[in-house]
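In: sequence below, structure please.
(chains A, B, C and D, ligands or ions: 6)
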Amino acid sequence: MPIQHESSVISNSRAGAYHLISLTAGDIPKSYKPGQFVTLSIDGLASSLILRRSFSIYQAQDRGVYGGSIEIVVAAHGEGTKWITQLRRNDSVNIVGPLGKPFPIPKDPVSCILIGGGYGSAPLFRLAEALKNRGCRVDFILGAQNSEKLFGLLEARRLGHNVVITTADGSAGQTGFVTDPLPELIEKTSSQVIYSCGPMPMLSAITEIAKANKIYSFTAVEEAMACGIGVCMTCVLPVIGEDGVTRMLRSCVDGPIFNGEKVRWSDVGTVPSETFGSGNH
Amino acid sequence: MPIQHESSVISNSRAGAYHLISLTAGDIPKSYKPGQFVTLSIDGLASSLILRRSFSIYQAQDRGVYGGSIEIVVAAHGEGTKWITQLRRNDSVNIVGPLGKPFPIPKDPVSCILIGGGYGSAPLFRLAEALKNRGCRVDFILGAQNSEKLFGLLEARRLGHNVVITTADGSAGQTGFVTDPLPELIEKTSSQVIYSCGPMPMLSAITEIAKANKIYSFTAVEEAMACGIGVCMTCVLPVIGEDGVTRMLRSCVDGPIFNGEKVRWSDVGTVPSETFGSGNH
Amino acid sequence: MVTKTNSGAVDMSCDFFGVKLASPVFTASGCAASGKELSNFMDLTSIGGVVTKSVMLEPRAGRATPRMSETPSGMLNGIGLQGPGIDYFLENDLSWLSERKIATIVSIAGNTVEEFSKLAYKLKNRPEILAIEVNISCPNVENRNKVFACNPVTAQDAVKAVRKHISNVPLLAKLSPDVTDIVEIAGSVIKAGVNGLSLINTLLGMAIDTNTFKPVLSGGTGGLSGPAIRPVAVRCIHQVRAAFSEVFILGSGGLRTGSDGLEFIAAGANALSVGTAIFNDPSAPVRIHNEIAEKLGNKKIDSLASVRNAAHD
Amino acid sequence: MVTKTNSGAVDMSCDFFGVKLASPVFTASGCAASGKELSNFMDLTSIGGVVTKSVMLEPRAGRATPRMSETPSGMLNGIGLQGPGIDYFLENDLSWLSERKIATIVSIAGNTVEEFSKLAYKLKNRPEILAIEVNISCPNVENRNKVFACNPVTAQDAVKAVRKHISNVPLLAKLSPDVTDIVEIAGSVIKAGVNGLSLINTLLGMAIDTNTFKPVLSGGTGGLSGPAIRPVAVRCIHQVRAAFSEVFILGSGGLRTGSDGLEFIAAGANALSVGTAIFNDPSAPVRIHNEIAEKLGNKKIDSLASVRNAAHD
Ligand SMILES: Cc1cc2nc3c(=O)[nH]c(=O)nc-3n(C[C@H](O)[C@H](O)[C@H](O)COP(=O)(O)OP(=O)(O)OC[C@H]3O[C@@H](n4cnc5c(N)ncnc54)[C@H](O)[C@@H]3O)c2cc1C
Ligand SMILES: Cc1cc2nc3c(=O)[nH]c(=O)nc-3n(C[C@H](O)[C@H](O)[C@H](O)COP(=O)(O)OP(=O)(O)OC[C@H]3O[C@@H](n4cnc5c(N)ncnc54)[C@H](O)[C@@H]3O)c2cc1C
Ligand SMILES: Cc1cc2nc3c(=O)[nH]c(=O)nc-3n(C[C@H](O)[C@H](O)[C@H](O)COP(=O)(O)O)c2cc1C
Ligand SMILES: Cc1cc2nc3c(=O)[nH]c(=O)nc-3n(C[C@H](O)[C@H](O)[C@H](O)COP(=O)(O)O)c2cc1C
Ligand code: FES
Ligand code: FES
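Out: Ligands and ions are numbered 1, 2, ... in the order given. Below you'll find the model as predicted:
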């Protein structure tokens, strides 16, 4: 169950192109599961940015010197994340979490591939731990525009059986995209599940490859959100239900983790004609 | 001529109930004269406070380690001043100044009384120096709600012949208001000019006493300002001109220093019927 | 933990057509879904109640994304009234609310006068409903998609169609500020028999993506909400109250703090509804209630009612 | 030091009824007085020009204070058109501007149609005037103080009264967003012979002091301006451009950054006027010009004109 917490900043340090921000989190870590996210509000009344910003939970600790705490990985994008990356120790910031559905964990100890694009790797490390506790073999593919935008290399090496790196500019690992080494890695590891987090086109391409190999693809999507808690309906995308009917589902509460096969990737940003409630179903 | 300068905070320290903030100021100090003020903008694009905040210039130094610099005395009042009092060393803030008309300096070395209410004493110390350079005797009356809200005591003692302190709650000096000791001090010092800065009712009462004693009263008024540079017409008050006609004058450019005798104190907040442009003059 | 309202020594109660509510603060339609999600953050029985997302006759998929664009101290939304339709709503959402004794104002929206009539018919004899809010700030497909609330006649027609079926439950008409004379529209729906007014809905706005140079929202225009529009809401409430001393007014539009709430009440609002502020702070309705109570307590004012209409003289 | 515009490699010129201006950015009426004070901060000959404070026939004292209230990302103003009257303006302010070759749009406001006519007569044969902006977003004392621009007929009457005397200088009508259908009003003043439109003036708003529970502004209501209203301005410009592909549009309303400016241009504005942002940043017009030029330069777009109407398809 999500909790609202008046948090204070424990630390804010650089990690390549990103800021690694540690926050007191009260009881939020108690119910946290890998894949869930938190939202931060930007400043107080003097702020013109009224919407909260969403961030995957990278680390969560339910007890420590500061009681519960979490860590997030933040890329300075616009005004809001700029403000967040400038937070200093002891600054206070209002946080809400854990939000959204977590990654599903397989019952059996099957092999899994975890794929992160840029800061998209943030939620994958706690997932890797959960999978290993389940006895799963875990392999990583981390990709980014350039080496600066790779996050969590060392941790991936610590947790993963193999770690493949790709960068678009070749500044680290092999030149290209995370999808390039994927087919071969699936084969080599005979993995049954792929977990991925990153830009939509990446999630879509990964799911295509998973389908071709008849294995699962669980994706963490990133849709613009106004509320993050399921009340505003801004964060929807077309997803096919058990009953085969397409619905506009809220990525904040029905996601952000979706079964990639069920997401109508090519129709994201549209309301497909036969969608429930479109008048044509 | 006013200048816009991207300033950075040199220091921010507490002074009783106030914050003493030192800012780089480029060439602003070069043309500064006592009684003038600066405006600060609140934060950047992420701010919902779009109007600048006005502050009397307390100190101005036209060359130093930081080039030109100024000091202001800030009381945390609402959201804007709260933001300003939280500024930290090296934070940047946009400033405009020097603004407004300065205190007029008498040609002859006459005795003067300088009266500050609360942070209203801020602009009086540089004035005192100017007056002393002119050979004037300077006496101070500093008053406030309580001792915490008195500003510049030591400096007043350094610059002033006498310094009388009044507080409403008696926590320092004599219990009461700055106007209580004034008549006697005028007589004792046979002062010819009173300079005052503080709440409107104080300025008005002082001016009454000055009139009764047939001496000058120059007052620094504090009207809410949107632009501070003379273009918006929000900061007006009714003032009688040389020609005896009442006009709604802008306190940011025609003031903030006015000859108290010319200000229609009891009509502030109204447009007196015979005001120029009221249709009845 | 779930927050609760605290009125201290101040009488914060709100007379809602004879029903005494413990708080004047409601959630605004479309900003609280049907309450379930918000119940994680606050005790919904401790506030005035919930105004549910405007529901239509049929299930509705809504608009394509992007549906939202943040603007200075506000946001634009173009959700397109996505929802499950009235039948599902009654069976699931309304029953969830009534089981928990959460005071509920049901907001309805139609594409045609006929649809408003059918929606009203479905809401007949539902004692669990506190009131019905008729959202006439939506496009009228029979009149070149012009918003019902932007014309006194279409506004009246929509409201009459509902009143026809609803005799024993208070009706509120939700008006749009995008009109030349909101007092005229208010008068027309009052004549049509509404018991109260919800003021205001969003302002029509647009944002353009300066990378693509195309409108950000899939629908082009959207509704502007949030603190940015508060001064317009206060003005509308004040104008309507000045013209109609008796009508019940549910005030909304940029409400974010207790101080904002007092502006609305002094302007003439009987109750308040909080929308966009919930996105910024999911427990905003409770916080706002408490801030109002505290501010009044500090001023030694013993009841909120005594502040109502204070800005009129 | 006084800032200057810098267009880099981008053609930022603006075709103003045949006159080629180096920049599309003007100061907005009432936010720059008559230019003198702003000339401390920027070279006014390097921007498009100055739209002067709306001047009336007689000297005018304006409203009592408080005249201003800050609101989230905006402000309310109720200045009441304080000014020296047209004769003083022509002799002093206009000559100051023309001596310095600062392109000047003279804004006029009347209490009656007759006053608009007299004002226009005084502006006959003044080659130093770039254009006249008819501020019809002000109260019409002959019609229950209803704003001229809120009714197509009174809007037309005011504009006709000016056009009657002014044949050789472009006329812009400044419209209020507080109408049900701004396209209708635009159409009526275009019929009345204006060459262009200024979109938009302030929105009617109100703020209440929660200590006294009375309106903050002495006049009760005031005009809402600043970034808060930008989405409404973009929407109005887009609607009017969609209806009138040829009319010249001077866009204003919450313009604060180069990106905002590009939203206005893509929506259909030919030129821009900067108001409240000047209070926040006295050199805003120059900064905005430069930000637009830089943003276009980065996108390898070689002229601002090529972006105009890009949001329409
Ligand atoms: C579930 C989820 C998890 C995320 N995890 C991370 C993370 O771990 N690290 C990280 O750096 N970023 C993450 N993001 C993206 C992050 O939320 C956006 O970068 C951020 O909201 C941008 O805000 P801004 O003010 O800097 O940008 P602006 O462009 O100024 O934001 C304007 C508006 O658009 C929204 N918006 C803009 N870009 C995005 C985006 N990419 N996704 C969602 N909303 C957006 C903002 O929330 C805001 O409402 C996540 C987003 C989601 C939905
Ligand atoms: C010429 C001049 C000199 C000043 N010198 C000083 C000084 O040396 N030290 C100091 O602490 N304060 C000074 N003030 C007052 C200071 O400007 C206000 O306290 C400040 O603007 C309040 O802003 P806020 O956001 O904290 O308050 P808010 O109440 O949130 O401000 C809301 C709006 O009202 C305006 N406003 C509110 N109170 C005042 C006020 N008292 N005077 C003018 N505008 C106001 C603000 O500028 C803002 O536009 C001076 C004011 C003027 C006009
Ligand atoms: C995302 C969103 C969805 C909304 N949906 C509805 C709706 O379905 N019906 C309705 O009457 N108003 C709807 N509104 C308007 C709000 O109820 C409210 O009247 C308006 O947003 C102004 O209040 P606020 O500034 O507090 O949000 C919606 C507003 C937002 C932001
Ligand atoms: C203090 C102030 C005074 C104004 N005076 C006038 C005026 O005299 N005539 C006019 O047509 N518009 C006037 N306006 C409106 C502006 O010209 C502009 O159209 C409006 O404020 C929206 O633009 P902005 O958000 O950039 O300020 C005034 C605005 C402000 C804030
Ligand atoms: S962000 Fe509001 S419903 Fe998902
Ligand atoms: S504050 Fe704008 S004219 Fe004085």
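
In: check contacts around whatever residue of the stretch 201-313 of chain C ends up closest to ligand 4.
Out: The stretch 201-313 of chain C approaches ligand 4 most closely through C:Ala228 (11.6 Å), counting by Cβ to the nearest ligand atom. C-beta coordinates here come from the backbone N, C-alpha and C atoms, glycine included. Contact analysis of C:Ala228 by Cβ atoms under 8 Å, 6 or more residues apart in numbering or on different chains lists C:Thr71, C:Pro72, C:Ser73, C:Gly74, C:Gly254, D:Thr71, D:Pro72, D:Ser73, D:Gly74, D:Pro227, D:Ala228, D:Ile229.

In: and it, that one's in a helix?
Out: Yes. When DSSP: H, G, I helix; E, B strand; the rest coil is applied, C:Ala228 is found to be in a helix.

In: wait, C:Asp87 sits on C:Leu123?
Out: No. Between C:Asp87 and C:Leu123 there is no contact under Cβ atoms under 8 Å: 11.6 Å.

In: the more surrounded of the two?
Out: C:Leu123 (19 against 13; other Cβ atoms under 10 Å in any protein chain shown).

In: from ligand 4, how far off is that one?
Out: Counting by Cβ to the nearest ligand atom, to the nearest Å, the gap from C:Leu123 to ligand 4 is 43 Å.

In: only the buried residues of the strand or helix carrying A:Ala130, if you could.
Out: Of the helices and strands defined by DSSP states H and E, A:Ala130 is found in helix A:124-133. In terms of neighbour count (16 or more other Cβ atoms under 10 Å in any protein chain shown), helix A:124-133 has its buried residues at A:Leu124, A:Phe125, A:Arg126, A:Leu127, A:Ala128, A:Ala130, A:Leu131, A:Lys132.

In: and these as a markdown table, adding pLDDT and distance to D:Thr112?
Out: A markdown table is the format used below for those (pLDDT from 0 to 100; distance: Cβ to Cβ, whole Å):
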| residue | pLDDT | distance to D:Thr112 |
| --- | --- | --- |
| A:Leu124 | 98 | 72 |
| A:Phe125 | 98 | 74 |
| A:Arg126 | 98 | 73 |
| A:Leu127 | 98 | 74 |
| A:Ala128 | 98 | 78 |
| A:Ala130 | 97 | 77 |
| A:Leu131 | 97 | 79 |
| A:Lys132 | 97 | 83 |
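
In: same for chain B: which of these are within range?
Out: Near chain B, judged by Cβ under 8 Å from any Cβ of the partner chain, there are no entries from those.

In: need the residues of the stretch 51-200 of chain C near chain D, please.
Out: C:Thr71, C:Pro72, C:Ser73, C:Gly74, C:Leu76, C:Cys150, C:Asn151, C:Asp178, C:Val179, C:Thr180, C:Asp181.

In: next, the contact list for whichever residue of the stretch 101-250 of chain C sits closest to ligand 6, please.
Out: Residue nearest to ligand 6 within the stretch 101-250 of chain C: C:Pro231 (19.5 Å; Cβ to the nearest ligand atom). By Cβ under 8 Å, 6+ apart, the residues touching C:Pro231 are C:Gly254, D:Thr71, D:Gly74, D:Leu76, D:Leu203, D:Gly205, D:Met206, D:Ala207, D:Gly222, D:Leu224.

In: and the helix or strand hosting it, which residues are buried?
Out: Per DSSP H and E, C:Pro231 falls inside helix C:230-243. If you call a residue buried by 16+ other Cβ under 10 Å, then helix C:230-243 has these buried ones: C:Arg230, C:Pro231, C:Val232, C:Ala233, C:Val234, C:Arg235, C:Cys236, C:Ile237, C:His238, C:Gln239, C:Val240, C:Arg241.

In: ok, so of those residues, who is nearest chain A?
Out: Closest approach to chain A among those (Cβ to the nearest Cβ): C:Arg230, at 11.7 Å.
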